[in-house]
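In: Provided below for reference: sequence and predicted model.
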Amino acid sequence: MISPQEKQDKVIRATDLDALSCRYSANNKSYFSTTDPFIDSVISSYKIHLPLCTGYTNMSANRTLRSVFNEQKLPLINRGTYLRTELIDVITQEFIKEFKKCQILSLGGGSDTRCFRILEEYGENVRYCEIDFPESVKIKKLAITNDKRLADIVKYHESTKPITSKEEFAKLEANIHTENYNLIGYDLRRLTGILDDCPLLEHVDTSIPTLILSECVLCYLNPEENERVIDFWKKAFASRALLALLIYEPMSLNDAFGTTMTHNLSNRGINLLTFNEYPNLEARYKFLSEKCQSSNIKLTDMSNVGGYDSDDKSKAWISTKDLARINRLELVDEIEEIRLLLKHYCLCYCEFPYESSFKAIRKWKWII
Ligand SMILES: C[S@@+](CC[C@H](N)C(=O)[O-])C[C@H]1O[C@@H](n2cnc3c(N)ncnc32)[C@H](O)[C@@H]1O
């Protein structure tokens, strides 16, 4: 039997499977201009190791995997996944091009494959650090140790013997630490305002420009925990280097669609803790400026990013060529429906006091 808290955490960890299955679906439908060559390895690791995770049996793990990967995703979900992945990729790449030697810190990185794309392309100069619950991190670590290409990209060459029992999985050391890559098992809710003795800081370089990514992650923490996590990194960097934060997550807009989203999620045991607390871009601006004391705040919803708010397609953040390409992949009749869905997802950027800032961030057409 697992405790109610463990049960809740299991549900939160499982949201990584949702994100992964959405990317898998969009990838299979050729939404990404370059096919994701790494996704199959993380899926294989899940297939082998999910039964060894807390609260799963062979049967329940197989059922979960079947239901997430066999389900056909709607065209509007594939488009949303494409937009979110592409735009966060592009912003991350621009950050790296501007600062050359820098660091990407992915909170709740889950089974995201961005780290491999970035390190393969910019590995010499970029440090990539991912933090997630230890169990999720172990799934990724085993994907890396079982795939030479991934191991070469992150430069991790310690072999791990096949893990076949829950006991072996529980005992497996979660972390990977190499020159450019750190994969860390840590519950972000444990971060407090006290920096001393926090093991994360041994592996994060607080002296180089850093972009923190939170892609559907901070929404699972309550508002106080959100503030504490952001405050922790702010204090850790203490204006020694540029610290920027990019958050992508859903918001309720206090409307009927938001209420339906809340019901659908709570039926699955998911309670999005910032969803209603910061229901729109204005509330998020207030949170980032007043509570987090950040600056250079830029906000948009994803409908604006996809160019759904205007007939003028040049307003979209992606090129008209790419828009035309993805529009040809699957027919989306309900433009109003996709617009409504994407209006409920935001992309928020901000920085913490430092003498310079990320200049290229101005080139996109933010709403605020
Ligand atoms: C929806 S998934 C997103 C994964 C990834 N960022 C992506 O977009 O593909 C949310 C991730 O946040 C992680 N997460 C949520 N709360 C966390 C916490 N308190 N500490 C560490 N990781 C957490 C989950 O384990 C999961 O991997």
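Out: Structure's in. What do you need? This one's a predicted model, so the numbers in the text were calculated from it and none came from an experiment.
In: contacts and neighbour counts: CA atoms only from here.
Out: OK.
In: Buried residues in the lowest-mean-pLDDT helix or strand in the chain, which are they?
Out: Ranked by mean pLDDT, DSSP states H and E, the weakest helix or strand in the chain is helix 320-329, scoring a mean of 91. Residues 323, 326 are the ones in helix 320-329 that count as buried (16 or more other Cα atoms under 10 Å).
In: from the middle of its chain, how far away would it be?
Out: Relative to the centre of its chain, helix 320-329 is centred 24 Å away, using Cα atoms, centre = their mean, to the nearest Å.
In: packing partners for whichever helix or strand comes after that helix?
Out: Note on helix 320-329: by DSSP states H and E, the next helix or strand toward the C-terminus is helix 335-343. In terms of contacts (3 or more Cα pairs under 8 Å, 6 or more residues apart in numbering; DSSP states H and E), helix 335-343 is packed against helix 302-305.
In: in the helix or strand encompassing residue 88, what's buried?
Out: Taking DSSP H and E as the definition, residue 88 sits inside helix 75-99. By neighbour count on 16+ other Cα under 10 Å, the buried set for helix 75-99 is 75-89, 91-92, 94-96, 99.
In: what does stretch 36-46 give?
Out: Across stretch 36-46, burial judged by 16+ other Cα under 10 Å covers 36, 38-39, 41-43, 45-46.
In: mind listing which of those are in helices?
Out: Of the buried residues of stretch 36-46, the ones assigned to helices by DSSP state H are 39, 41-43, 45-46.
In: where in the stretch 101-250 of the chain is pLDDT low?
Out: Along the stretch 101-250 of the chain, the model assigns pLDDT under 70 to no residue.
In: How about the residues of it by the ligand?
Out: 108-110, 112, 132-133, 186-189, 215-217, 220 (Cα under 6 Å from any ligand atom).
In: Pull out the buried residues from those residues.
Out: 108-110, 112, 132-133, 186, 188, 215-217, 220.
In: okay, those residues in a markdown table with secondary structure next?
Out: Compiled in a markdown table, these are given as follows (DSSP: H, G, I helix; E, B strand; the rest coil):
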| residue | secondary structure |
| --- | --- |
| 108 | coil |
| 109 | coil |
| 110 | coil |
| 112 | coil |
| 132 | strand |
| 133 | coil |
| 186 | coil |
| 188 | helix |
| 215 | strand |
| 216 | coil |
| 217 | coil |
| 220 | helix |
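In: closest to residue 24 among these?
Out: Residue 24 lies nearest to residue 112 out of these, by Cα to Cα, at 10.7 Å.
In: So which residue is smack in the middle of this structure?
Out: The residue lying closest to the centre of the chain (Cα atoms, centre = their mean) is residue 215, at 2.9 Å.
In: and the strand or helix carrying residue 259, anywhere near the ligand?
Out: If you go by DSSP H and E, residue 259 is part of helix 256-267. No. Under the criterion of Cα under 6 Å from any ligand atom, helix 256-267 makes no contact with the ligand; the nearest approach is 12.1 Å.
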